[in-house]
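> Any chance you could fold what I've pasted below:
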Amino acid sequence: MEEGGGAGHEARRCVLSKDRFPETTGGDKTTILFDLENQPGALVKVLSLFSSRGLNATMLQSRPSRLDPGAGLWEYTFIAEYLGHIRDQGLAEAYAEVEAGLGTLCKRIRLLGSYPRSSMGEND
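Residues are numbered from 1 along each chain as shown. Okay, here's the model as predicted:
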């Protein structure tokens, strides 16, 4: 996509809607935000709940969220994007399992929404 920045630059757009879960198109993405409990392997455990169901992550980002004064370490918020719609069985099951693990795996999990993915490429 060439737009303003020249070749190799992409522009991402956000569509706001009161309906976080529009109808599935068969070519969707779902974005999930979560904060992990501070324990070894927590990120691997959460991600494996999705990968064990054959779900493909197209993006994983981390952002510092707050400083834990007791440990003197930063805590991180993770943002994951998966191919599929939250109404798809595998994605719904994985999300529910992570949600059920609140307090053991995650401190917080939030479904940001499901939406049609762009037509730029297979994994965009």
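
> make it CA atoms for all contacts and neighbour counts henceforth
Noted.

> Next one: the one residue sitting closest to the centre of the chain from Gly27, what distance?
Nearest to the mean C-alpha position of the chain, by Cα atoms, centre = their mean, lies Ala80 at 2.3 Å. Noted for Ala80: a distance of 17 Å to Gly27, by Cα to Cα, to the nearest Å.

> for Gln61, same thing?
Counting by Cα to Cα, the gap from Gln61 to Gly27 is 22 Å.

> now the residue nearest to the centre of the chain, what's its secondary structure?
Recorded secondary structure, Ala80: strand (DSSP: H, G, I helix; E, B strand; the rest coil).

> these two touch, right, it and Lys29?
No: using Cα atoms under 8 Å, Ala80 makes no contact with Lys29, being 10.2 Å away.

> hmm, back to that, between Gln61 and Gly27, who's got more neighbours?
Ranked by neighbour count (other Cα atoms under 10 Å), Gln61 and Gly27 place Gly27 first, with 15 against 11.

> any idea which element the nearest residue to the residue nearest to the centre of the chain once chain neighbours are set aside lies in?
In space, and not counting its chain neighbours, Ala80 is closest to Leu60: 4.5 Å by Cα to Cα, 6 or more residues apart in numbering. Under the criterion of DSSP states H and E, Leu60 resides in strand 57-68.

> what's the offset of that strand from the middle of its chain?
10 Å (Cα atoms, centre = their mean, to the nearest Å).

> for the record, mean pLDDT for the longest helix seen in the chain?
Scanning the chain for the longest helix, with DSSP state H as the assignment, gives helix 89-100. Mean pLDDT, computed over helix 89-100, is 94.

> And the next helix or strand past it?
Assigned by DSSP H and E, the successor of helix 89-100 is strand 106-116.

> Specify the angle between that following strand and helix 89-100 in degrees.
Counting by axes from the mean of the first three to the mean of the last three Cα atoms, to 10 degrees, strand 106-116 lies at 160 degrees to helix 89-100.

> elements contacting strand 106-116?
Judged by 3 or more Cα pairs under 8 Å, 6 or more residues apart in numbering; DSSP states H and E, the packing partners of strand 106-116 are strand 28-36, helix 89-100.

> Quick check: which of the ones you listed is nearest to Ser65?
strand 28-36 (8.6 Å; Cα to Cα).
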